[in-house]
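J.: here is my input; please provide its structure:
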Amino acid sequence: MSWPAFRAIAERPRCSAARNRRDGVENRILVLAPFGRDARVIAEVLAARRVVAHICEGGDALVREMSRDSAATILTEEALTDGIVDALREMLASQPPWSDYPFVVLAARQTLHRTDRARSALQELSNLVLLERPVNPDTLASAAESALRARQRQYLTRKHLAELEASKLSVEQLNDKLETRIAERTADLASANDRLMREILERERVESSRVQNQKMEALGRLTGGIAHDFNNLLHAVNLNLQLIERLTVQDDRVRHYARRAKEAVDRGSRLTGQLLSFARTRSLVPKLHDVNDLIRNMAELISISVGAHVKLSLTLCPDPAYVVVDAAQMEMAVLNLSVNSRDAMPQGGMLEIHTQMAAAATAYPLGSVSVAVRDTGEGIPDNLLGKVFDPFFTTKQHAGTGLGLSQVYGFTRQSGGNVEVQSKVGAGTTIKLCFPLAPAPKEAAEAMLRGQSAAMALQAEILVVEDDPAVRRSMVECLQVLGFHVRQAADGAAGLTELKKARPDLLLVDYLMPRMNGAELIAHARAMYDDLPILMATGYADMNAVERLIGPHSVLAKPFDLDTMGKAVSMELRRKRPQP
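T.: Alright, predicted model coming up:
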């Protein structure tokens with residue numbers, strides 16, 4: 001291409017070129033024409049087409065500007081020296097996948113004289129437009145614009161690839177967040193499921209405990225009702241036997257038979273007392289008792305409870321050991337421990353109940369007595385020793401409520417004592433109950449006689465209200481033998497009528513009666529005579545309600561003997577009406 005032609009094109013009007021020029025280095029075209037004014041003319045031709053051109057002064061400048069980015073490069077064939085070719089080869093090898101950098105090479109016309117080096121250099125440029133000189137300005141501008149459009153399509157591909165990469169990264173981040181949320185939700189669901197399972201298990205345990213308590217309550221009511229009726233029979237038999245003993249008969253065998261029958265009645269009385277304790281319808285008041293006597297009296301019941309495969313041995317201290325405890329709860333505690341020992345010896349073994357007194361100490365000024373229940377069973381693991389007295393804790397799976405040992409512990413602590421446990425797996429268990437000793441009672445025979453004489457001397461009038469005819473007749477005759485004047489009524493309503501007729505010196509009333517029970521009758525009697533002495537004779541009652549009404553000292557537990565009744569009547573009369 002001749003210089004005048006280039007100059008003519010360059011001098012065309014360019015008033016709108018600056019306004020339409022694209023900003024940024026990405027859309028510029030690099031020009032390398034080291035000889036003459038070719039580079040200047042090429043730049044002016046491109047400027048006329050609103051294409052930004054940047055003239056490079058040499059090969060190093062070209063490589064440097066290409067690293068800063070550009071759309072294409074126009075260079076003359078003679079500019080392809082070895083150094084430039086190597087630099088371009090390295091640049092093209094490192095370009096990103098979307099890029100195929102375009103080149104426009106202005107070649108010499110004498111192609112037959114092109115050297116192998118020049119031909120090889122041209123082949124290295126893959127995206128190449130080769131224009132033979134002289135070049136028409138429009139052809140050169142069109143080639144430059146084509147290279148620019150091709151590069152812009154590559155930029156668009158780059159943009160799409162970047163958007164895809166950004167989308168991929170966004171999807172990966174969303175997936176990570178989703179997986180995190182799924183993991184958190186799964187953990188929350190697992191935690192909620194664990195809580196639900198614990199609540200279900202706890203509900204099942206509470207429901208099982210409630211059902212067990214309902215069963216025990218129903219069994220207790222049945223047991224209490226049977227014990228009440230049995231108590232009435234024993235009471236009538238006991239009082240009549242005592243009346244027989246007081247008769248003057250020629251044959252001593254009659255008194256001997258009566259004494260033997262009374263001993264059987266006493267045993268029956270202890271049995272009904274234990275049944276009433278189980279039914280929780282007996283007044284539980286701590287009193288002075290000999291621990292050895294309590295254990296001897298319940299030895300037969302323990303032997304029956306543990307079964308024939310367990311050998312029972314009692315090793316009791318020789319001297320009486322008096323403590324202030326509730327006899328019924330003491331018996332239930334020993335029985336609970338014995339039954340636990342039996343369960344620990346499924347193949348049989350030895351059960352020993354041992355009592356021993358100890359000298360005075362800081363905690364027990366008068367000394368102490370221990371009741372140890374030992375077995376040769378399986379023993380308790382060390383990790384469970386601290387839990388055996390916890391409420392509802394049991395190792396019997398579905399066979400126990402877990403309340404037996406907690407009741408033993410509570411009773412012992414309330415009685416001022418302590419509990420110790422010694423156990424070794426495979427070597428048995430010893431549970432020791434320690435109680436503080438109490439002063440021994442004084443001789444009571446003479447006091448009993450004095451009380452009877454005082455009762456005889458009082459000559460008081462007593463109103464007996466009892467619905468069982470046999471029991472009422474026996475009580476009336478016994479009181480008459482003791483020297484009292486007696487009136488009687490068959491039920492609560494009849495007793496209220498008798499109270500309205502005249503004020504007695506003492507009211508002796510049963511608890512369970514038709515139409516009006518003993519507590520209701522007592523309430524009416526209190527309203528009529530607020531200082532009236534009252535005794536409640538019962539073997540089955542809501543003793544808390546009775547004791548709130550008349551006090552624990554005014555209760556006679558059936559069956560009772562003649563002497564006990566006489567002493568209780570005398571004490572109640574003297575308590576309400578002190579003698580000068």
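
J.: please count neighbours and contacts with C-alpha atoms only from this point.
T.: Noted.

J.: count the residues that sit near Ser126.
T.: Residue neighbour count, defined by other C-alpha atoms under 10 Å, stands at 12 for Ser126.

J.: let me fix that, I meant to ask about Leu337.
T.: Using other C-alpha under 10 Å as the criterion, Leu337 is surrounded by 23 other residues.

J.: remind me, longest helix of the chain?
T.: Of all segments of type helix in the chain, defined using DSSP state H, the longest is helix 137-246.

J.: what is it packed up against?
T.: Under the contact criterion of 3 or more C-alpha pairs under 8 Å, 6 or more residues apart in numbering; DSSP states H and E, helix 137-246 touches helix 3-10, helix 38-48, strand 72-76, strand 103-107, helix 252-279, helix 469-481.

J.: which among those is found nearest to Arg28?
T.: Comparing those by their distance to Arg28 (C-alpha to C-alpha), the top pick is strand 72-76, with 7.3 Å.

J.: which residues are contacting the closest one?
T.: Contacts to strand 72-76, defined as C-alpha atoms under 8 Å, 6 or more residues apart in numbering, come from residues 28-33, 101-107, 144, 147-148, 151.

J.: tell me the strands beside it, with direction?
T.: On the basis of DSSP bridges, the sheet neighbours of strand 72-76 come out as strand 29-32 (parallel), strand 103-107 (parallel).

J.: buried set for the host helix or strand of Arg64?
T.: Secondary structure here is read from DSSP states H and E; on that basis Arg64 sits in helix 59-67. Buried positions in helix 59-67, judged by neighbour count with 16 or more other C-alpha atoms under 10 Å: 59, 62-63, 65-66.

J.: and the strands in the stretch 451-580 of the chain?
T.: Shown for the stretch 451-580 of the chain, the strands assigned by DSSP state E, counting those that start in this stretch span residues 461-465, 485-489, 506-510, 534-538, 555-557.

J.: quick revisit: pick the most deeply packed of the strands paired with strand 72-76.
T.: Of all the strands paired with strand 72-76, strand 29-32 has the most neighbours on average by mean count of other C-alpha atoms under 10 Å, namely a mean of 25.

J.: check the offset of that one from the chain's centre.
T.: Between the centre of strand 29-32 and the centre of its host chain there is 82 Å, according to C-alpha atoms, centre = their mean, to the nearest Å.

J.: and the average pLDDT for that strand is what?
T.: Per-residue confidence for strand 29-32 averages out to 91 on the pLDDT scale.

J.: can you name the residues in contact with that strand?
T.: 39, 42-43, 51-59, 62, 65-66, 70-76, 79, 144, 148.

J.: try it again with 10 Å
T.: 38-40, 42-43, 46, 51-59, 61-63, 65-66, 69-80, 103-105, 144-145, 147-148 (C-alpha atoms under 10 Å, 6 or more residues apart in numbering).

J.: the residues you listed, buried ones only, as a ChimeraX selection?
T.: Taking 16+ other C-alpha under 10 Å as the burial criterion, the selection of buried members of the contacts of strand 29-32 in ChimeraX is written as:
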select :38,39,40,42,43,46,51,52,53,54,55,56,59,62,63,65,66,69,70,71,72,73,74,75,76,77,79,80,103,104,105,144,145,147,148
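
J.: can you give me the helices in the stretch 451-580 of the chain?
T.: 469-481, 492-501, 518-528, 543-550, 562-576 (DSSP state H, counting those that start in this stretch).

J.: do you know which of the ones you listed lies nearest Gly348?
T.: helix 543-550 (39.6 Å).

J.: how about low-confidence regions in the stretch 351-500 of the chain?
T.: For the stretch 351-500 of the chain, residues meeting the criterion pLDDT under 70 lie at 385-387, 389-404, 406-407, 442-459.
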